[in-house]
Each structure stands twice: as structure tokens, then as C-alpha cells.
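**Q** Just a sequence and a predicted model for now, questions to come.
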Amino acid sequence: MKIIARTILGLGFNPIQLFNSLKGIPAFISDYIKISNAKSEYPKFGEISISPFLGDRYEQGGDMKSVYFQQDLFVAQQVYKNNPVRHLDIGSRTDGFVAHIATFREIDVVDIRAINSIVPNIQFRQSDMMKKPDQTLYDKYDSISSLHAIEHFGLGRYGDPIDLDGHIKAINNIFGLLINKGLFYFAVPIGTQRIEFNAHRVFAVKYLLDIFKDKFVVESFTYIDDNKNIFMHQDLNPEQVENNFGCKYGCGIFILRKI
């Protein structure tokens, strides 16, 4: 059922949105009649045309418990606190984390897809981080982030070439871009290790720790569980690591320092 639901959403059909829109039709008609017959004490505003949004009244005003909201806010707060000289982001949400950072500092951004917008404080470069970066960029950044991005590398979802080792190549390349003792803010789905093609990988925490070994020291580990509760700065207890902190599809947020 989960696969069917995700496929339907991937095709652009949202049954919940359709249901809410249909439910909103009577209220829309009623409100349109009211505003068409309403009298104003002020000069006429202008003609009333129709541009219906039918289901918004049945949705929440926002989702402050979403994984992306909590992850982006938490990591942005850490970057603000650490105040790096030069920060690079790879593939994180531009309308979330990158926007947070750009409110208070300059940020370099890399994505495999083009971004045509020009925004103050954001310098964009289109690049495939599975490939070796330009040698001139090595040892350049004291701070790098990649939030809910590297799990996609090499699965083709965003036009990237198929590569089962894409996530490892990206981490190795990021290691090369960081100065010694630089910080890497890294977030990916955690749970029983698997590939859900072509959506993403899900990583076992122990697998990630083995990748980090000899490259990074884990300065902090935070996770968001399956119920979207955030647990900040947790100890990497071996039993919980083995159990992926009870997550089937959670989010692990690592603050790593280059050795």
C-alpha cells in the first residue's frame, strides 16, 4: 500500500487534496455569493474574478513538526552559533535551510540541478558532487552542510547518473573540501538499511559510523524519530546504534569534525 500511495503521489495525484477540494466547494460557492453582494464603506476595490482554492481551510496553517522544518532549523542554529568563515551547502532545501542561513551570512550552494534565481548572500554553482571537485576548492571551507540530500546521490531521481557508491563518493569529496578540523553538518534517513528506488537510501547508523571512521569525529548526534519528535545531542549508545534508535524511517543529524 505504501508503494502504491507513493507512486500515486509521484504521478502528481493527491487524494487527500482532492477530497479537501471537493469538500470545500459548497463553502466556496456560499462565500462567493456573500462577497458578490457585500457592500463596502470604502471606495470600490475592483472587479471580483474567480481563482478558487478550495481545500486550504481544512489544512493546518503550517507544519512545524515536519522532519525538514526541525532539521533545517536545528542545523541553522548550530551554524549561527559556530559562525564559520566560509560555509558550503550541498543539495539542502533552498526554501528551508539555505534561506535560514542566507538571512544572516553568505553561503555557497551546490546542486546537480540548475538554479536560475539570483538571491543576495547565495552563490550557486551547478555540480555533481559524486565527481572529484575542482582542485582549487580543496581545503577551502571550514563548514559544509548536506541535509537530506546524499541519500539520493546515484539513484537517478534528480538526473544524476546511476551509481550505487554515489553516497560514499560524495562524502569522500566533501572530506577533501573541508579544512582540517572543519565541521560537516550531515543529515540522512536512518533505519533498517535499504534502497527505496528511486526515492532514496535509508542508512543504518552503524554503517554511517563506519564510513565516518578515520575521516571524522562525531561531535554531536541528533535524531528525529518516526513520530517526528526530535532528540538533541544524544549519546551513541551501542545498543541504540544497533537498533537505529528505534527508527524505521527517521532522520539522523550528525555534526562531524574532520580529523
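**A** Alright, I've got the coordinates.
**Q** Please export the C-alpha coordinates of the lengthiest strand in the chain as PDB.
**A** Ranked by residue count, the top strand of the chain under DSSP state E comes out as strand 178-190. C-alpha atoms of strand 178-190 as PDB (Å, rounded to 0.1, in the frame of the first residue of the first chain):
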ATOM      1  CA  LEU A 178      37.000  20.800   4.300                       C
ATOM      2  CA  ILE A 179      39.900  22.300   6.000                       C
ATOM      3  CA  ASN A 180      41.500  20.300   8.900                       C
ATOM      4  CA  LYS A 181      39.100  20.400  11.900                       C
ATOM      5  CA  GLY A 182      36.300  21.800   9.700                       C
ATOM      6  CA  LEU A 183      32.700  20.900  10.500                       C
ATOM      7  CA  PHE A 184      30.300  18.800   8.400                       C
ATOM      8  CA  TYR A 185      26.600  19.000   9.100                       C
ATOM      9  CA  PHE A 186      25.100  15.800   7.700                       C
ATOM     10  CA  ALA A 187      21.500  14.500   7.800                       C
ATOM     11  CA  VAL A 188      20.000  11.400   6.100                       C
ATOM     12  CA  PRO A 189      17.200   9.000   6.700                       C
ATOM     13  CA  ILE A 190      18.000   6.300   9.300                       C
END
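**Q** I'd assumed D108 was in contact with V85.
**A** No. The criterion here is C-beta atoms under 8 Å, and V85 misses it with D108 at 11.9 Å. (Glycine included, C-beta is placed from N, CA and C.)
**Q** Tell me which of the two has more neighbours.
**A** Just comparing V85 and D108: by other C-beta atoms under 10 Å the higher neighbour count belongs to D108, 17 against 10.
**Q** ok, residues contacting the helix or strand harbouring the more buried one?
**A** The secondary structure element spanning D108 is strand 107-111 (assigned by DSSP states H and E). For strand 107-111, contacts defined as C-beta atoms under 8 Å, 6 or more residues apart in numbering pick out 86-91, 94, 98, 101, 115, 121-127, 129, 141.
**Q** Also stretch 127-136?
**A** The contact list for stretch 127-136, computed with C-beta under 8 Å, 6+ apart, reads 90-91, 110-112, 153-154, 160-161, 163, 166, 169-170, 173-174, 176-177.
**Q** which among the residues you listed end up buried?
**A** Neighbour-count burial (16 or more other C-beta atoms under 10 Å) applied to the contacts of stretch 127-136 gives 90-91, 110-112, 153-154, 160, 163, 166, 169-170, 173-174, 177.
**Q** So which of those residues are in helices?
**A** 166, 169-170, 173-174, 177 (DSSP state H).
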